[in-house]
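Student: Got a predicted model here, sequence first, then my questions.
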Amino acid sequence: MTKIAIFGVGLIGGSLALCFKGKPGLHVIGHSHRQSSIERYLARGVVDAATTSMEEAAADADFIFLCVPVGNLEDYLRRLAAMKLKPGCIITDVGSTKSSVAACARSLDFGDAVFIGGHPMAGKEKSGVEAATSLLFENAYYVLTPEPDTPQEAVDRLAGLIRHTKANIVFVDPDQHDTIVGAISHLPHVIAVQLVNQIRAYNETNPLYSALAAGGFRDITRIASSDPVIWRDILINNRSVLIRLLKEWQEGVSGFIEMLERMDERMVEEAFRTAGEFRSSLPERRRGVIDPLYECYIDVPDHPGIIGKIATELGNERINISNLQIIESREDVPGILRLSFRTQPDFDRAVQLLASMGFEVNM
Ligand SMILES: NC(=O)c1ccc[n+]([C@@H]2O[C@H](COP(=O)([O-])OP(=O)(O)OC[C@H]3O[C@@H](n4cnc5c(N)ncnc54)[C@H](O)[C@@H]3O)[C@@H](O)[C@H]2O)c1
Ligand SMILES: O=C(O)C(=O)C[C@]1(C(=O)O)C=C[C@@H](O)C=C1
């Protein structure tokens, strides 16, 4: 039996646990220092066992996944380095930054255990084990940051386990990871939060701001609802990259102000044209960048006409589908249909209708 210990069974830890639990030969144990969290993990059924004892979770583990906030990773690594772990045990993390955790791991001696940094490039603005789903990582990228001297056997073993998530594994140097992810994930979170707070201030004197906030505002600000502690840690940790990026952002904003002051129509058009072209060229599956607001997943049998039937029924009820994607469809095996909706009422009505048609709907 391969024992997988997950420290911090929240959105990411819980989603990983769901990918592993129930697979032949895998046993998943969750760890939190809080008894109430353990009870939630078990009640939600994402782990086979759970314990408040770090030692019990780590003892005999073949894999240890650290799924706690970035600010707690180094403390966990130090505590693991002081413990006797199973020879060959692989310690990995899912933190959104990689340089500091890699530097910390390099400075420690894990005996016969090995550390390999990791970061699944998938998530959502909701947190906690209640938001976990086994579909979270499907077709997303999963970054691994092995060192040049990390044994290939260990990298292969970790990659083999991660394949259960159905993510695409990519190998990236930790510093390069933080530079790129700073730009495509951390900077957008800062922009979304600053934008929402700017509008929140206007709204204090005139509630029409929030009343009129429609698709444009909601599309660009979904991630402003992300967990404050998780994001405090990410931004502080990657601050040197972010400060540079924000200065460049400031220059871009100044450039836009100047374009408007001189009424430079050509440049305004050009800005939209180049941005639109680049955005359209993004690969289809990039959760967190182009995900619509509300989506659900339906197990559908591979029968001719089934997708048409679903679309027709939703259309008859005047429920607007903003996007539709078949994630996997093989003969004789149920495929997964992903349906996206722009509004909560459309989403709620669709879920109700699909359930009444006998489909299993997952969120
Ligand atoms: N949210 C995302 O979109 C996303 C995506 C990829 C990676 N990550 C990374 O995954 C990690 C977990 O994020 P999440 O979104 O699952 O958050 P979450 O809040 O859903 O889960 C965090 C887990 O850590 C535990 N925890 C919180 N504070 C702790 C502490 N001081 N000591 C020990 N455990 C503690 C919580 O009980 C919870 O189980 C973070 O490092 C984050 O950077 C997040
Ligand atoms: O989709 C979202 O809500 C996310 O914020 C996911 C997202 C991202 O920015 O793309 C956020 C943090 C991660 O470390 C990886 C992915």
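Tutor: Cool, the structure landed. Ligands and ions are numbered 1, 2, ... in the order given.

Student: can you give me the strands in the stretch 151-300 of the chain?
Tutor: Using DSSP state E, counting those that start in this stretch, the strands of the stretch 151-300 of the chain run over 168-171, 294-300.

Student: lowest-confidence stretch among the ones you listed?
Tutor: Set side by side, the strands of the stretch 151-300 of the chain give their lowest mean pLDDT on strand 294-300, at a mean of 83.

Student: Tell me which residues of the helix or strand just after that strand come out buried.
Tutor: The helix or strand immediately downstream of strand 294-300 is helix 306-316, counting by DSSP states H and E. With burial defined by 16 or more other C-beta atoms under 10 Å, the residues of helix 306-316 counted as buried are 306, 310, 314. Yep, even glycine has a C-beta here, placed from its N, CA and C like the rest.

Student: before we move on, the earlier item: compare the strands of the stretch 151-300 of the chain and give me the one nearest residue 141.
Tutor: strand 168-171 (5.3 Å; C-beta to C-beta).

Student: quick one: is the closest one near ligand 2?
Tutor: No - applying C-beta under 6 Å from any ligand atom, one finds strand 168-171 separated from ligand 2 by no less than 13.4 Å.

Student: Which positions in that strand come out as buried?
Tutor: 168, 169.

Student: packing partners for that strand?
Tutor: strand 141-145 (3 or more C-beta pairs under 8 Å, 6 or more residues apart in numbering; DSSP states H and E).

Student: what helices or strands is the strand it packs on leaning on?
Tutor: So strand 141-145, by 3+ C-beta pairs under 8 Å, 6+ apart, packs with strand 114-120, helix 152-162, strand 168-171, helix 174-181.

Student: Each with direction, which strands does the first one pair with?
Tutor: Pointing back at strand 114-120 there. strand 90-93 (parallel), strand 141-145 (antiparallel) (DSSP bridges).

Student: Could you list the residues in contact with that strand?
Tutor: 12, 16, 77, 88-96, 98, 101-102, 105, 108, 136-137, 140-146, 150-151, 154-155, 158, 162, 165, 167, 174, 177, 181 (C-beta atoms under 8 Å, 6 or more residues apart in numbering).

Student: Of those residues, which count as buried by neighbour count?
Tutor: Looks like the contacts of strand 114-120 have 12, 16, 77, 89-96, 98, 101-102, 105, 136-137, 140-146, 150, 154-155, 158, 162, 165, 167, 174, 177, 181 buried, using 16+ other C-beta under 10 Å.

Student: what's the span of stretch 46-60, first residue to last?
Tutor: Distance between the two ends of stretch 46-60: 20 Å, counting by C-alpha to C-alpha, to the nearest Å.

Student: If you count neighbours, what's buried in that stretch?
Tutor: Result for stretch 46-60 [16+ other C-beta under 10 Å]: buried residues 46, 47, 48, 49, 50, 51, 54, 57, 58, 59.

Student: So which of the residues you listed belong to strands?
Tutor: Among the buried residues of stretch 46-60, the members found in strands (DSSP state E) are 49, 50, 51.

Student: Is residue 234 in contact with residue 186, as I believe?
Tutor: Yes - between residue 234 and residue 186 there is a contact under C-beta atoms under 8 Å: 6.1 Å.

Student: Overlap in contacts, the two.
Tutor: residue 96.

Student: can you list the buried residues of stretch 46-60 in CSV and add pLDDT and distance to ligand 1?
Tutor: As requested, the buried residues of stretch 46-60 are arranged in CSV below (pLDDT from 0 to 100; distance: C-beta to the nearest ligand atom, whole Å):
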residue, pLDDT, distance to ligand 1
46, 97, 11
47, 98, 11
48, 98, 17
49, 97, 16
50, 98, 11
51, 98, 13
54, 97, 10
57, 98, 12
58, 97, 14
59, 92, 18
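
Student: May I have the predicted confidence score for residue 62?
Tutor: 98.

Student: That one and residue 89 touch, don't they?
Tutor: Yes - when contacts are counted by C-beta under 8 Å, residue 62 is listed as touching residue 89 (6.1 Å).

Student: Quick one: residues contacting the residue lying closest to residue 112 once chain neighbours are set aside.
Tutor: Spatial nearest neighbour of residue 112, chain neighbours left out: residue 87 (3.7 Å); criterion: C-beta to C-beta, 6 or more residues apart in numbering. Neighbouring residues of residue 87 by C-beta under 8 Å, 6+ apart: 111, 112, 113.
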